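S.K.: any chance you can model this:
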Amino acid sequence: MTGVVLAAGSGSGIQLSLSWVDYLMLAIYFVVVLGIGFVARRRVRTSMDFFLSGRSLPAWITGLAFVSANLGATEILGMAANGAQYGMATLHYYLIGAVPAMVVLGLFLMPFYYGSKVRSVPEFMLRRYGKGPHLVSAIAFAVSNVLIAGINLYAMAIVIEAMLGWPEWLAIIVSAAFVLAYITLGGLSSAIYNEVMQFFVIIAGLVPLTIVGLNRVGGWGGLVKAFEKTDSVQHLQAWAGTAVGHVTNPLGADWIAIVLGLGFVLSFGYWTSNFTEIQRALSAKNMSAARRTPLIAAFPKLFIPFIVIIPGVIAAAVLGPELAGKGGSGLTYNDAIPKLMQMYLPSGVLGVAVTGLLASFMAGMAANVSSFNTVFTYDIWQRYIKPKMTDAYYLMTGRWVTVAGVVVGIGTAFIAAGASNIMNYLQTLFSFFNAPLFGVFVLGVLWKRMSPAGALWGYVTGIITPAIVYVWYLIDNSIFNSAAAETMYGAIISFATVLIVGTAISLFTKPKPIDQLGGLVFGVGKIDLKGDAVVGDQAWYRSPVLLGVIALVLCVALYLPFL
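M.R.: Predicted coordinates:
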C-alpha cells in the first residue's frame, strides 16, 4: 500500500492508497481502451467512417454514447462540486436543465439535422444562412471545444497525480497522449464504443462511493441531521428560497434564472445545438435511430445525479467549511469526490472508483476531440482553405487535426486549473458560445424570414454581451447572488440579444429564397421520417413520443422528494 498526494496545484493533501489489485484494474481498463481503438481502425476507410462512423450505428449504442459523452470531468467532478457547494439545487442541471431539451431534440429537431444529411451543426448553419454565420459558428465551436477539453484533461490529471504523485504538468501530458492514441486510431467509432464501455465503468465506480458514503453518515436521515446542525437544511431542497427578490437558496438563483436561464437557454443551447452531442445522433443508422438517440440517453441522465450530486452533498456534510478551503485545508469543491474516495473506499473498491473517474474524463475529452476534428476538417479546412481535395486527404487531415486539438487542449487545461469550481467555469463558456448559437438556430428553424445578415450580427452580438456581463461581474460581484446565477442571467441576456438584433436586422435585409429552405425550416418542404426505417422501428416501445413522455413524467416525479 502506497500513499500518494493529490495536490491539484493547491496543496490539498489528498492521499489515495492504491494496492496492486487497484493498479491491475486500471491496467486492464487501459488495455481494453486501446484494443477498441485498434479494432475500430479496421473499419475506417473513408472520412465519413472516421468522422461519423459511416452513419451505421444502432440507437442503443448512440444513445449510451450520447449520455457518456457528457459524463466527463464537467459532469463528475463539476456536478459533485456543485452538490457540495449548492446542494440538491444541482438537480436543476438535470431535471430542468437537460432532459426536457433532450426530448425536444429527439422529437422535433433531430429530423432537421439528420434529414438534411449535414455532417455537423455548423454545416446546418451553412445550409440555412450561408458562409458568414457558418464561419462564426465553426470558429466559436472550435474554440469552446478545446477549452472544454482542457477541463477534462485537468480533471484527469488530478486523479493521475493522486495515484502516481506525478507533477500536474506531466499528468496532463500523459493523459492527453492516451486519449490521442485511441481517437487517432479509430476516429468517432473508437470514441463511441469506448464511451459505451466507459458508461458502465463510470456507473460501477460511482455507485459504491455513494452507497458507502451514505452508510457512513447514517443514511439520508443522517444527512438531514448534519445540515440541521448548521442551519443549512436548504442544502437538501431544490426549489426552496428561489423567490424573486428573496433568494436564500445555496445556488443563489431565483426561479427566473433557473427556468429561463438554465432550463431554457443553457439547456437547449447545449443539448439541441452542441455538435459534441449531436454528432453521436448523426452517426446513427437511420432517422428512427437518430431520433431515439437522445431519448434513450434521457433515461440514464435522469438517475445519474443520485451518484454524482449526493457524494458532493455527503462531502459538504462531513467536511463542512474545510471543503471551501477554510482552516488551511487546501481543499476546493472540485476535491469532493477524490476526498470521499480517500476517506471511505477500501482497496479493490478504490480501484473501481478511480477507473470510473478516469473513464469519465477520457469519455468527455474524447467527445470534445472527435467533434473538434470533424468541424475543423469539414467546416474550416475543406470549406475555406483546401477545397476539392481527395477523401483520403481529408481523412489524413482529420488525424492531424486530432493531434493539434489535443495539444491545444493541454494548454487550456492550465486555464481550467485556475477555476475553484469547474462547473461554473463550464457554464460561463456555455453562456458565451452555446446560448447565442441556440438563438440563431431556433430563429432560423422557426422563422423563414430570418436573414443571413440577421443571423450573423445577432450571433456576434450574442457572444459579446455575455462576455461583458461576465467581466462586469468580476469587477462587481454584488450584481448577482452567485457565479452560477451570473451564468444563467448571462445566457438569458445573450439569447435576448440574438432575438432583438437578429429580428431587427432581418426585417430590413434580404432572406434566403424560400426554395432553398426545404427541410431546414418548419413548414417549408417535408422531412421523410420513415423512408429508411428497418424492421422493428415501428414497435410501440420504440415510439419517440412514448419515450419522450415517460422521460418528462419521470422529471416531475424525481423532483417531488426535494421540493
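S.K.: got a list of what L262 touches?
M.R.: The contact partners of L262, by C-beta atoms under 8 Å, 6 or more residues apart in numbering, come to 92-93, 96-97, 253, 488, 491. (Glycine included, C-beta is placed from N, CA and C.)
S.K.: who wins on neighbours among those residues?
M.R.: In terms of neighbours by other C-beta atoms under 10 Å, those top out with A491 at 32 neighbours.
S.K.: find the centremost residue of this protein, please.
M.R.: Centroid check for the chain by C-alpha atoms, centre = their mean gives N70 as the closest residue, at 3.8 Å.
S.K.: helices or strands up against the helix or strand containing W400?
M.R.: W400 is part of helix 391-416 when elements are defined by DSSP states H and E. Contacts defined by 3 or more C-beta pairs under 8 Å, 6 or more residues apart in numbering; DSSP states H and E place helix 391-416 against helix 47-52, helix 131-164, helix 168-216, helix 349-374.
S.K.: now the shortest one: how far from the chain's centre is it?
M.R.: Okay, so that is helix 47-52. With C-alpha atoms, centre = their mean, to the nearest Å as the basis, helix 47-52 stands 22 Å off its chain's centre.
S.K.: average pLDDT for it?
M.R.: Throughout helix 47-52, pLDDT has a mean value of 85.
S.K.: distance between the helix or strand following it and the chain's centre?
M.R.: Downstream of helix 47-52, the next assigned helix or strand under DSSP H and E is helix 59-68. Relative to its parent chain, helix 59-68 has a centroid offset of 14 Å by C-alpha atoms, centre = their mean.
S.K.: in helix 59-68, what's buried?
M.R.: For helix 59-68, a neighbour-count test (16 or more other C-beta atoms under 10 Å) marks 59, 61-68 as buried.
S.K.: what mean pLDDT does it have?
M.R.: Average pLDDT, helix 59-68: 93.
S.K.: which is the next helix or strand following that helix?
M.R.: Heading C-terminal from helix 59-68, the first helix or strand you meet, by DSSP H and E, is helix 73-86.
S.K.: who are the packing partners of that following helix?
M.R.: helix 131-164, helix 305-319, helix 336-344, helix 349-374, helix 422-446.
S.K.: rewinding a little: indicate which one of the helices and strands packed on helix 391-416 is closest to T428.
M.R.: Across the helices and strands packed on helix 391-416, T428 has its closest neighbour in helix 131-164 (10.0 Å, C-beta to C-beta).
S.K.: that closest one vs helix 422-446, what angle?
M.R.: For helix 131-164 against helix 422-446, the angle by axes from the mean of the first three to the mean of the last three C-alpha atoms, to 10 degrees is 160 degrees.
S.K.: in the stretch 201-350 of the chain, which segments are predicted with low confidence?
M.R.: The stretch 201-350 of the chain contains residues with pLDDT under 70 at 231, 327-329.
S.K.: sorry, back to before: go through the helices and strands packed on helix 73-86 and name the closest to I183.
M.R.: With C-beta to C-beta as the yardstick, what comes closest out of the helices and strands packed on helix 73-86 is helix 349-374 (5.3 Å).
S.K.: hang on, the earlier thing: for the helix holding W400, buried residues please.
M.R.: The neighbour-count check on helix 391-416 (16+ other C-beta under 10 Å) flags 394-395, 397-399, 401-402, 405-406, 408-410, 412-414, 416 as buried.
S.K.: and which of those is nearest to V179?
M.R.: For those, the closest approach to V179 (C-beta to C-beta) belongs to V406, at 6.7 Å.
S.K.: surely the closest one touches F372?
M.R.: No. Between V406 and F372 there is no contact under C-beta atoms under 8 Å: 9.2 Å.
S.K.: mutual contacts of the two, please.
M.R.: Common neighbours of V406 and F372 (C-beta under 8 Å, 6+ apart) are A149.
S.K.: may I see the contacts of L262 arranged in CSV, with secondary structure and distance to T293 as well?
M.R.: Formatted as CSV, the contacts of L262 follow (DSSP: H, G, I helix; E, B strand; the rest coil; distance: C-beta to C-beta, whole Å):
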residue, secondary structure, distance to T293
H92, helix, 24
Y93, helix, 21
I96, coil, 21
G97, coil, 19
A253, coil, 30
M488, helix, 27
A491, helix, 25
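S.K.: turn the helices and strands packed on helix 391-416 into CSV, columns for mean neighbour count.
M.R.: Putting those into CSV (neighbours: other C-beta atoms under 10 Å) gives the following:
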stretch, mean neighbour count
helix 47-52, 24
helix 131-164, 25
helix 168-216, 22
helix 349-374, 27
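S.K.: can you say which of those helices is nearest to S543?
M.R.: Of all the helices and strands packed on helix 391-416, it is helix 168-216 that lies closest to S543, at 23.4 Å by C-beta to C-beta.
S.K.: how far off helix 59-68 does that closest one point, in degrees?
M.R.: Following the same axes, to 10 degrees, one obtains 100 degrees for the angle between helix 168-216 and helix 59-68.
S.K.: ok now helix 168-216, how far from the chain's centre?
M.R.: 14 Å.
S.K.: try stretch 221-237
M.R.: Centre-to-centre, stretch 221-237 and its host chain are 30 Å apart (C-alpha atoms, centre = their mean).
S.K.: list the contacts of the helix or strand hosting G222.
M.R.: Using DSSP H and E, G222 sits in helix 219-229. Contacts with helix 219-229, where a contact means C-beta under 8 Å, 6+ apart, come from 214, 217-218, 233, 235-236, 313-314, 317-318.
S.K.: so what's the residue nearest to the centre of the chain up against?
M.R.: N70 is in contact with 277, 301, 364, 367, counting by C-beta under 8 Å, 6+ apart.
S.K.: and the next element down the chain from the host helix or strand of the first one?
M.R.: So the one you mean is E277. Following DSSP H and E, the helix or strand that holds E277 is helix 275-282. Per DSSP H and E, the first helix or strand lying C-terminal to helix 275-282 is helix 287-303.
S.K.: where's the dip in pLDDT among the contacts of L262?
M.R.: Of all of these, A253 carries the lowest confidence score, 89.
S.K.: give the closest residue to that residue in space, chain neighbours not counted.
M.R.: What sits nearest to A253 in space, not counting adjacent residues and going by C-beta to C-beta, 6 or more residues apart in numbering, is A485, at 4.3 Å.
S.K.: just the residues contacting the helix or strand hosting P111, thanks.
M.R.: Using DSSP H and E, P111 sits in helix 110-115. Residues from elsewhere that reach helix 110-115, judged by C-beta under 8 Å, 6+ apart: 121, 124, 278, 281-282, 284, 287, 290-291, 293-294, 445, 519-520, 527-529.
S.K.: run a quick neighbour tally on the residue nearest to A253.
M.R.: For A485, using other C-beta under 10 Å, the count is 21.
S.K.: so where does it fall, helix or strand?
M.R.: Element membership for A485, per DSSP H and E: helix 483-506.
S.K.: how far off centre is whichever helix or strand comes after that helix?
M.R.: Sequence order places helix 544-559 as the next helix or strand after helix 483-506, per DSSP H and E. Mean-position distance between helix 544-559 and its chain equals 21 Å (C-alpha atoms, centre = their mean).
S.K.: tilt between helix 544-559 and helix 59-68?
M.R.: Angle of helix 544-559 versus helix 59-68, following the same axes, to 10 degrees, is 40 degrees.
S.K.: what angle separates helix 544-559 from helix 305-319?
M.R.: Using the same axes, to 10 degrees, helix 544-559 lies at 20 degrees relative to helix 305-319.
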